[in-house]
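Student: Attaching a predicted model along with its sequence, questions to come.
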Amino acid sequence: MDELLKEIIKKIMKFRDERDWVQFHDPKNLAEAISVEAGELLEKFLWLNIEQASKLDDKKIGKIKEEVADIFIFTLYLCDVLKIDLLAEVEKKISINAEKYPVAKAKGTAKKYTEL
């Protein structure tokens, strides 16, 4: 694992542990927290058309960065509680998606794999 990523994960877990928050971090509540943060991210795009969503000002981008970070943090907490090796699972999922979406069929289309 990349050293910077290891350090960031260590900081995130230390932050949680110093506050004794692990007692609140059951899988259900963490999954809900991820969903809430994803909703907050989505809210930043509410009522914007595609052009507006593609040309965000620095203030809006700053808020989006915060929500993305929150999602990442809660995802790491969930993986910690459930003993999931996130990077290994991402690698597996990339392989699964490569089979579902072969370049020859999926390139340039947004169709779901069942429609290719």
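Tutor: Great, that's in hand. Predicted model, so just to flag it, every value in this text is computed and none were measured.

Student: ok, and what's touching stretch 3-12?
Tutor: Contacts to stretch 3-12, defined as Cβ atoms under 8 Å, 6 or more residues apart in numbering, come from residues I73, L76, Y77. For every residue, glycine as well, the C-beta is placed using N, CA and C.

Student: What's the ChimeraX line that selects buried ones from these?
Tutor: Selecting only the buried entries of these in ChimeraX, with 16 or more other Cβ atoms under 10 Å as the criterion:
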select :73,76,77
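
Student: Helices - which of the contacts of stretch 3-12 land there?
Tutor: I73, L76, Y77 (DSSP state H).

Student: Please identify the helix or strand for the residue nearest to the first one when sequence neighbours are not counted.
Tutor: Spatial nearest neighbour of I73, chain neighbours left out: I12 (5.5 Å); criterion: Cβ to Cβ, 6 or more residues apart in numbering. In this structure, I12 sits in helix 3-18 according to DSSP states H and E.

Student: Convert that helix to PDB, retaining C-alpha atoms only.
Tutor: The C-alpha trace of helix 3-18 is given here as PDB (Å, rounded to 0.1, in the frame of the first residue of the first chain):
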ATOM      1  CA  GLU A   3       2.900   5.100   2.200                       C
ATOM      2  CA  LEU A   4       0.900   8.300   1.900                       C
ATOM      3  CA  LEU A   5      -2.400   6.300   1.900                       C
ATOM      4  CA  LYS A   6      -1.200   4.400   5.000                       C
ATOM      5  CA  GLU A   7      -0.400   7.600   6.800                       C
ATOM      6  CA  ILE A   8      -3.800   9.100   6.000                       C
ATOM      7  CA  ILE A   9      -5.600   6.000   7.100                       C
ATOM      8  CA  LYS A  10      -3.600   6.000  10.300                       C
ATOM      9  CA  LYS A  11      -4.600   9.700  11.000                       C
ATOM     10  CA  ILE A  12      -8.200   8.900  10.300                       C
ATOM     11  CA  MET A  13      -8.200   6.000  12.700                       C
ATOM     12  CA  LYS A  14      -6.300   8.000  15.400                       C
ATOM     13  CA  PHE A  15      -8.800  10.800  15.100                       C
ATOM     14  CA  ARG A  16     -11.700   8.300  15.700                       C
ATOM     15  CA  ASP A  17      -9.900   6.500  18.500                       C
ATOM     16  CA  GLU A  18      -8.900   9.700  20.400                       C
END
